[in-house]
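1. Here is my input; please provide its structure:
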Amino acid sequence: NGGNPFSDHFYIAMLVEALATSLIPSQQDDWITRQNKAPSEEERQFLEEALEQIERVLRRDEWTNSYQNVWTIAGLDAKQRLMKAEVIPKRYPDFAQYLLDGTLDLIRIKAFDALVDLGALMDHTFFTFFLYCLTTDRSPYVRKQLIQSMARGLAAIAFGEHSRVVKDEPAADDADPLLLIQDSAEEVEARKQMFARRENIDAALKALRKEMEETYAKDDRHFSTAMRKALDHPALGRDEVESLLDLAAMMFEEARSWILTLNLPKAWKVERPVQKLSDRVCIPAPPSLRLMLTGQSCSSTSSRTTG
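-> Reported below is the predicted structural model:
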């Protein structure tokens, strides 16, 4: 397309998006899952060639910059969708390499959003790094986009997209091949709760709090410390602090009391100042004069008594 006066950057990005869409199954049922686990040789070769084309577009954008790096953003989006659909295994380093300082803001936002969408938000190491980048970035636009990405990540957890479901199965020795076991009451109740958390916002918030208390309880200290440091950062604006407070209220239990440690006041004493007269000068009398004055007062008192 060298002789074309019009740029084909967006056209190539759209082709990468369409290629990723063609590799994602339209629905995920048991049959399609089995087919994905055991693909044919032709499908495996097509997938490898498609991934090679996506990597080729990413490498090409490193030395031939497209408009606002739309090729890189399209390639990262394609990888994100393929990993989320379990077409290819999850590889967080494929996105982490674009988080370094100096990378275009749009690419960094896309890399963070992809990692959050794939479930890396509740890893306490990434969570701490995420909030550190959010608070130290100079661009208000980047900070706003990262807060929205964090909100989407918490919403995915509330809706049960990253829940770890463990299904109890009977032992092989006790299982009867002619016995059909239906879902237990616990499984039916779990499905009801999963449906409710997708339909009711209050149920979703309760489910998020439950996930934080049960699934991620061992890392709660790391999450709260990172959130507290982010809220205390002086570079954040009012709207950003309010948004983080709303997210923190969804994640953590609100404190009903607060312990304050105050230092006791130091000991002090009160002294009465000496009264000073403005028109007189008070000079303390020597001891001899005090004796003379005392003797004169005593003699005058005795003479008055005698008379």
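2. Now do the strands in the stretch 151-300 of the chain.
-> Using DSSP state E, counting those that start in this stretch, the stretch 151-300 of the chain contains no strands.
3. ditto for the stretch 1-150 of the chain
-> Counting by DSSP E, counting those that start in this stretch, the stretch 1-150 of the chain contains no strands.
4. Pull out the buried positions in stretch 251-258.
-> For stretch 251-258, burial by neighbour count (16 or more other Cβ atoms under 10 Å) applies to 251, 252. Just so you know, the C-beta spots here come from the backbone N, C-alpha and C atoms, and that holds for glycine as well.
5. Give me the contacts around it.
-> Here stretch 251-258 makes contact (Cβ atoms under 8 Å, 6 or more residues apart in numbering) with 154, 208, 209, 212, 220, 223, 224, 227.
6. Show the buried residues in those residues.
-> 154, 208, 209, 212, 223, 227.
7. Show me which of these is closest to residue 272.
-> Closest approach between the buried ones among the contacts of stretch 251-258 and residue 272, by Cβ to Cβ: residue 227, at 55.7 Å.
8. Let me see the backbone angles for residue 237.
-> phi -90, psi 180 (degrees, to the nearest 10).
9. quick one: terminal-to-terminal distance for stretch 248-261?
-> Start and end residues of stretch 248-261 are separated by 25 Å (Cα to Cα, to the nearest Å).
10. Off-centre distance for that stretch?
-> Computed by Cα atoms, centre = their mean, to the nearest Å, the separation of stretch 248-261 from the middle of its chain amounts to 16 Å.
11. re the thing from before, same list (the buried ones among the contacts of stretch 251-258) but as a markdown table, adding pLDDT and distance to residue 82.
-> Formatted as a markdown table, the buried ones among the contacts of stretch 251-258 follow (pLDDT from 0 to 100; distance: Cβ to Cβ, whole Å):
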| residue | pLDDT | distance to residue 82 |
| --- | --- | --- |
| 154 | 89 | 24 |
| 208 | 81 | 27 |
| 209 | 81 | 32 |
| 212 | 80 | 29 |
| 223 | 88 | 29 |
| 227 | 90 | 32 |
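12. So which of the residues you listed are in helices?
-> Cross-referencing the buried ones among the contacts of stretch 251-258 against helices under DSSP state H gives 154, 208, 209, 212, 223, 227.
13. Show me the shaky parts of the chain.
-> 1-2, 27-39, 163-198, 274-307 (pLDDT under 70).
14. The nearest residue to residue 222 once chain neighbours are set aside: how many residues sit nearby?
-> Distances taken as Cβ to Cβ, 6 or more residues apart in numbering place residue 124 nearest to residue 222, at 3.7 Å, with adjacent residues excluded. Residues near residue 124, counting by other Cβ atoms under 10 Å, number 16.
15. For residue 225, see how far away residue 124 is.
-> 9 Å (Cβ to Cβ, to the nearest Å).
16. try residue 251
-> Here residue 251 is placed at a distance of 13 Å from residue 225 (Cβ to Cβ).
17. same deal with residue 204?
-> As judged by Cβ to Cβ, residue 204 and residue 225 stand 26 Å apart.
18. Over to residue 273?
-> Look at residue 273 and residue 225: by Cβ to Cβ, they are 54 Å apart.
19. of those two, who's got more company?
-> Each of residue 273 and residue 225 has its neighbours counted (other Cβ under 10 Å); residue 225 has more, 13 against 5.
20. and the more buried one, what is it in contact with?
-> Residue 225 makes contacts with residue 128, as judged by Cβ under 8 Å, 6+ apart.
21. So what touches stretch 96-103?
-> With Cβ under 8 Å, 6+ apart, stretch 96-103 has contacts from 72, 76, 107, 108, 110, 111, 112, 115, 133.
22. Can you tell me how far residue 217 is from residue 123?
-> 15 Å.
23. Which of those two has more residues huddled nearby?
-> Neighbour count, other Cβ under 10 Å: between residue 217 and residue 123, residue 123 has more, with 16 against 10.
24. What does the more buried one show for phi and psi?
-> Main-chain torsions, residue 123, degrees, to the nearest 10: phi -80, psi 120.
25. Could you list the buried residues of the longest helix anywhere in the chain?
-> Longest helix in the chain by number of residues, with DSSP H as the criterion: helix 41-63. The neighbour-count check on helix 41-63 (16+ other Cβ under 10 Å) flags 50, 51, 54, 57, 58, 61 as buried.
26. Many thanks, we can stop here.
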